[in-house]
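> Kindly generate the corresponding structure for this input.
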Amino acid sequence: MDNTETKLKGLDAALHKITYGFHIVTARMDAVGLETRDKDHIAAGTVSWAMQSSFEPPMITVAIRNDSGLRETIGRAGAFALTILGRNDKELITRFATESHPGAFQINGVDFEDGEATASPLIDAGIAHLECEVEQTVMPEGDHVLFIGRIVNAIVRDKTAQPLTEMETSIHYGGTE
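A predicted model of the protein is given here:
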């Protein structure tokens, strides 16, 4: 075994030790300019790779799969919203883990309203929302794109609720597989 293999032997187990929360990211884009849609589009998806990345100005970074409609919608719209899920929102993880199904002011059966600052959908769930304008897009060699968003609006729905983390679920999005 070479030195690289020795160094990476515990990589999967080590990556599973990083703590993650669960969030829903949403974005809205008019059909003009979308490559994969022919009408106005709302996209949403479950993400766990999200973090604060600046105090001043306040910014967050989210990792979105390269091959998702959510990635295209955020990239074209230049804005997104992050909903921080609470411990009572566990069932939403799987509901938003696949393709978005928007309806009349609903996404995947959950009501939403347009965000004040970005018009990104704010779902009627979670303990807080952050509306963001994309400051930078980082396209590393990997299978996710990083969107760095400047927070332009913040709404706390429940000041006492605790965020949902992987430790409260059997779902783990990380590691090498």
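> Which helix or strand lies directly C-terminal to the helix or strand of the chain with the lowest mean pLDDT?
Here the helix or strand of the chain ranked lowest by mean pLDDT, DSSP states H and E is helix 3-8, holding a mean of 61. On the C-terminal side of helix 3-8, the closest following helix or strand by DSSP states H and E is helix 11-15.
> Extract the C-alpha set from that following helix and format it as PDB.
The C-alpha atoms that make up helix 11-15 are tabulated as PDB, following Å, rounded to 0.1, in the frame of the first residue of the first chain:
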ATOM      1  CA  LEU A  11     -11.400   8.800   4.700                       C
ATOM      2  CA  ASP A  12     -15.000   7.600   4.500                       C
ATOM      3  CA  ALA A  13     -15.200   7.100   8.300                       C
ATOM      4  CA  ALA A  14     -13.600  10.400   9.000                       C
ATOM      5  CA  LEU A  15     -16.000  12.300   6.600                       C
END
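> Show the secondary-structure elements that whichever helix or strand comes after it is packed against.
Sequence order places strand 23-29 as the next helix or strand after helix 11-15, per DSSP H and E. Counting by 3 or more CB pairs under 8 Å, 6 or more residues apart in numbering; DSSP states H and E, the packing neighbours recorded for strand 23-29 are strand 41-47, strand 59-65, helix 69-77, strand 79-84, strand 121-123. All C-beta spots, glycine's among them, are computed from the backbone N, C-alpha and C.
> Give me the residues contacting strand 23-29.
37, 40-48, 50, 62, 64, 70, 73-74, 76-77, 79-85, 92, 96, 107, 112, 114, 119-123, 125-126 (CB atoms under 8 Å, 6 or more residues apart in numbering).
> Over to stretch 132-148?
Stretch 132-148 has contacts (CB under 8 Å, 6+ apart) with 49, 53, 59-67, 71, 74-75, 78-82, 117-118, 149-152.
> Give me the buried entries from the contacts of strand 23-29.
When the contacts of strand 23-29 are checked for burial by 16 or more other CB atoms under 10 Å, the buried set is 37, 41-48, 50, 62, 64, 70, 73-74, 76-77, 79-85, 92, 96, 107, 112, 119-123, 125-126.
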